[in-house]
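Student: Here is the input, now give the coordinates:
(one chain, ligands or ions: 3)
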Amino acid sequence: MAGYVVVGSQWGDEGKGKIVDVLGKKMDMVVRFQGGNNAGHTVIVNGEKSILHLLPSGILNKEALCVIGPGVVIDPFVLLDEIDTLRKRGLTCDHLRISDRAHLIMPYHIKLDELQEKKLANNKIGTTKRGIGPCYADKYTRIGLRVCDLVDFEIFKKRLASTLEIKNDQIVKLYGEEPFDYDTLVNQFANIREQLLPMICDSVSLVNQYLDEGKNVLFEGAQANMLDINYGTYPYVTSSSPTSAGVCEGAGVAPQKLNTIIGVVKAYSTRVGEGPFATELLDETGEEIRSIGAEFGATTGRPRRCGWLDLCVVKQAAIINGLTDLVVTKIDVLSTMKKIKVCVGYDIDGKEYTYIPASLNDYGRSKPIYKEFDGWMCDITKIRNYDDLPENCRKYLECIAEFTNTRISLVSVGPDRENNIIINEL
Ligand code: GDP
Ligand code: IMO
Ligand code: MG
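Tutor: Ligands and ions are numbered 1, 2, ... in the order given. All right, here's what the predicted structure looks like:
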């Protein structure tokens with residue numbers, strides 16, 4: 001039995017998609033367990049780029065069954081679009097299954113996401129406006145619609161009628177906007193329902209069967225620890241648990257079935273959307289990282305905020321997720337930097353912290369305590385053996401492993417499938 005988990009250890013966009021694809025060769029199944037199409041996971045194969053939002057990043061490998069698990073929120077229109085885009089490229093999605101328990105992102109969720117952000121004005125979260133928060137909110141207030149409701153369309157219609165009354169009340173009375181029309185919504189779903197039915201299954205039995213048969217199953221996280229609803233920089237977070245514990249909840253798998261828990265760490269930090277970011281660089285160094293690292297959102301195209309690596313953030317992810325291995329990505333982006341800094345603590349009013357305080361008032365005014373490294377100032381993208389890396393680069397990596405007390409098993413030195421230095425076989 002081998003359950004592999006890939007999670008983000010910072011604010012997302014660490015390169016999880018690439019790593020899932022790299023490990024995909026040995027996987028029998030790839031499972032998404034939380035989030036929705038707020039994710040944007042880039043996979044580059046032979047120079048051809050795919051950005052996956054809802055489809056697991058293993059979808060490009062026909063040999064692995066791909067599952068969208070119960071903890072995911074599914075916008076069915078986006079899902080069908082993504083499938084269609086791949087079909088047009090001659091790729092099939094016949095190996096895709098979706099959980100009957102997953103919740104549906106409805107058109108009114110997207111509208112409510114936009115309206116709440118507008119209402120929050122200066123306090124906005126900077127969401128991807130994909131309806132993620134409103135959909136999870138309905139799930140927890142128990143008025144959500146689920147994939148299984150599409151199987152018996154009469155149930156779907158009945159549940160929609162009662163939920164829509166509440167949603168339209170919010171839209172009309174709270175925001176003064178036009179209500180959603182029941183018949184139009186029913187027709188929209190009637191049109192796509194048949195295409196979804198063959199993919200719907202009890203994914204919990206399927207995933208556990210694979211694990212019990214000793215097959216390799218990879219659980220693909222979206223977002224990251226600092227965007228976690230419990231442990232991130234609340235309220236500037238997403239609405240799910242992108243952690244290894246989220247796998248148990250969101251895929252219906254027991255913790256002892258997860259053997260290898262891989263945290264993906266970008267060699268510097270980025271963040272999209274609002275919220276505090278202690279090591280953010282608002283100067284030309286930040287610009288340089290953005291430009292060399294092509295740091296623009298894979299989902300919304302927004303420029304990503306850039307800064308130095310924050311090891312307190314990564315350490316928190318190591319503890320909360322129980323990381324067994326780190327994968328460090330995009331270290332090639334730092335190859336032109338004369339000096340490189342990493343944050344090893346925070347100074348808040350003269351007191352030193354090594355963890356992220358819950359209060360954003362404290363975290364927001366924390367001053368990073370940096371350790372400085374000399375850069376290596378040479379191209380490393382063609383290096384494939386750890387020992388061939390420049391000494392300064394190895395020192396940087398060793399500091400990451402030591403501070404987080406977690407071994408580094410792979411170093412990614414470029415976006416392509418092949419640009420990797422394998423230290424420990426995963
Ligand atoms: P994800 O959301 O964690 O899957 O990450 P994204 O796909 O949103 O962003 C990561 C970006 O970095 C993508 O454009 C990748 O192609 C790219 N990338 C991944 N690994 C590396 C690497 O080691 N070096 C460089 N230069 N780019 C990388
Ligand atoms: P991947 O999987 C980076 C951010 C948004 C916003 C906050 C809440 O590609 O790493 P939401 O739409 O989820 O309600 O937005 O979370 N966010 C991400 N940032 N990578 C992502 O996914 C993200 N998904 C959501 O920018 O700040
Ligand atoms: Mg991304």
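Student: those helices in this protein, which residues are they?
Tutor: 16-24, 76-88, 107-120, 132-141, 153-169, 182-196, 203-212, 244-251, 284-292, 311-321, 360-364, 391-404 (DSSP state H).
Student: As a markdown table, those with distance to residue 372 would be great.
Tutor: Bear in mind the C-beta positions are built from the backbone N, C-alpha and C, glycine included. Shown next, in a markdown table, are the helices of the chain (distance: least, CB to CB, whole Å):
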| stretch | distance to residue 372 |
| --- | --- |
| helix 16-24 | 28 |
| helix 76-88 | 43 |
| helix 107-120 | 38 |
| helix 132-141 | 38 |
| helix 153-169 | 53 |
| helix 182-196 | 53 |
| helix 203-212 | 45 |
| helix 244-251 | 32 |
| helix 284-292 | 13 |
| helix 311-321 | 13 |
| helix 360-364 | 23 |
| helix 391-404 | 11 |
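Student: ok, how many other residues are close to the residue of the stretch 201-350 of the chain at minimum distance from ligand 3?
Tutor: Using CB to the ion, residue 298 is the residue of the stretch 201-350 of the chain that sits closest to ligand 3, at 4.4 Å. Number of residues near residue 298 (other CB atoms under 10 Å) recorded here: 19.
Student: Would you mind listing the residues in contact with it?
Tutor: 13, 40, 41, 42, 51 (CB atoms under 8 Å, 6 or more residues apart in numbering).
Student: ditto for residue 330
Tutor: By CB under 8 Å, 6+ apart, the contact set of residue 330 is 15, 266, 267, 268, 293, 412.
Student: now residue 136: how far from residue 112?
Tutor: Counting by CB to CB, to the nearest Å, the separation of residue 136 from residue 112 is 12 Å.
Student: Residue 102 is in contact with residue 71, correct?
Tutor: Yes. Residue 71 lies in contact with residue 102 (CB atoms under 8 Å); the separation is 7.5 Å.
Student: what's near enough to touch residue 161?
Tutor: residue 182.
Student: meant to ask about residue 318, not that
Tutor: Residue 318 sits next to 9, 263, 326, 404, 405, 406 when contact means CB under 8 Å, 6+ apart.
Student: if we can go back for a sec, now the residue of the stretch 201-350 of the chain closest to ligand 3: closest residue in space, sequence neighbours ignored.
Tutor: residue 40 (2.9 Å; CB to CB, 6 or more residues apart in numbering).
Student: and the gap between the one you found and residue 131?
Tutor: 16 Å.
Student: ok, now residue 365?
Tutor: 33 Å.
Student: So for those two, which sits in the more crowded spot?
Tutor: residue 131 (27 against 13).
Student: Touching, that one and residue 104? I think so.
Tutor: No. Contact criterion CB under 8 Å: residue 131 and residue 104 do not qualify, at 9.8 Å.
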